[in-house]
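Engineer: here's my sequence, what's the structure:
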Amino acid sequence: MHMTVYVVSSMSGVSYDAAQGTILGLAVGILICIIPAILPAGPAKDSHQH
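Structural biologist: This is a model prediction of the structure:
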């Protein structure tokens, strides 16, 4: 995540901020943990595949 923040800030001409990379890294990590818990594990029992 820090590399992504560094590259994007470098390309846009903004100074690199390590705190921003840390915050974004934590946010992405939390989303990676939450999204699988929200999504269903498999196809629904009533779904008919044609």
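
Engineer: how near is the residue positioned nearest the centre of the chain to residue 2?
Structural biologist: Nearest residue to the geometric centre of the chain (C-alpha atoms, centre = their mean): residue 28, 3.6 Å. Going from residue 28 to residue 2 by C-beta to C-beta, to the nearest Å gives 12 Å. (C-beta placed from N, C-alpha, C; glycine too.)

Engineer: what do you get for residue 31?
Structural biologist: 17 Å.

Engineer: just residue 16 next, same as before
Structural biologist: Counting by C-beta to C-beta, the gap from residue 16 to residue 2 is 9 Å.

Engineer: number of residues surrounding residue 27?
Structural biologist: 11 (other C-beta atoms under 10 Å).

Engineer: report the contact partners of it.
Structural biologist: By C-beta atoms under 8 Å, 6 or more residues apart in numbering, no residues touch residue 27.
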